[in-house]
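Peer 1: Fold the following for me, if possible:
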Amino acid sequence: MGGRERGSHLRRLISLIALAAAVPLAPIAFGVTSAAASTTVAAPTCTADEGSKVTCGEHASPAGVTVTWYIYDEASDPQNMTTTGGPSLTWACAGALTVHYSYVYSGVTYLSGDGKGLCIKGYP
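Peer 2: As a prediction, the model looks like this:
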């Protein structure tokens, strides 16, 4: 009978080890889920200089946060570009420009709507 008792104890020990190994993973999984949360913020305001530049600005990000800007310039090749920086962006362009931005703060990703501007290359 000693063999059955050892087998039973061994199964319980394996179950406890498996349970103990699974417990530390719970906070990691929870952290990954919360970091994936996102919130929508206002679109940037874009103003053309009536030449070949558009300046876009946002007023949602906290000071010191790195903002990622996503630019679609229909007259450029490639048309889609990304850059990082602060709360404003000045972009030299030659046609219609669509801009949005994102930033991460306290584990939450903030994503804006689209801001639009129009550049006319060589004007005035």
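Peer 1: which stretches of the protein form strands?
Peer 2: Along the chain, counting by DSSP state E, strands occupy 38-41, 45-48, 53-57, 67-73, 80-85, 88-92, 96-105, 108-112, 115-118.
Peer 1: buried set for the third one?
Peer 2: In this case it means strand 53-57. By neighbour count with 16 or more other C-beta atoms under 10 Å, strand 53-57 contains the buried residues 54, 56. From N, CA and C alone the C-beta is placed, and that goes for glycine too.
Peer 1: coming back round to it: and the strands of the chain as CSV, adding mean pLDDT?
Peer 2: Below are the strands of the chain laid out as CSV (pLDDT from 0 to 100):
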stretch, mean pLDDT
strand 38-41, 93
strand 45-48, 88
strand 53-57, 91
strand 67-73, 95
strand 80-85, 95
strand 88-92, 91
strand 96-105, 94
strand 108-112, 96
strand 115-118, 86
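Peer 1: just checking, residue 96 touches residue 118?
Peer 2: Yes. Applying C-beta atoms under 8 Å, one finds residue 96 in contact with residue 118, separated by 5.6 Å.
Peer 1: May I have the beta-bridge partners of the residue nearest to residue 81 when sequence neighbours are not counted?
Peer 2: Nearest residue to residue 81, sequence neighbours excluded (C-beta to C-beta, 6 or more residues apart in numbering): residue 71, at 4.6 Å. Note on residue 71: beta-bridge partners by DSSP bridges are residue 81, residue 99.
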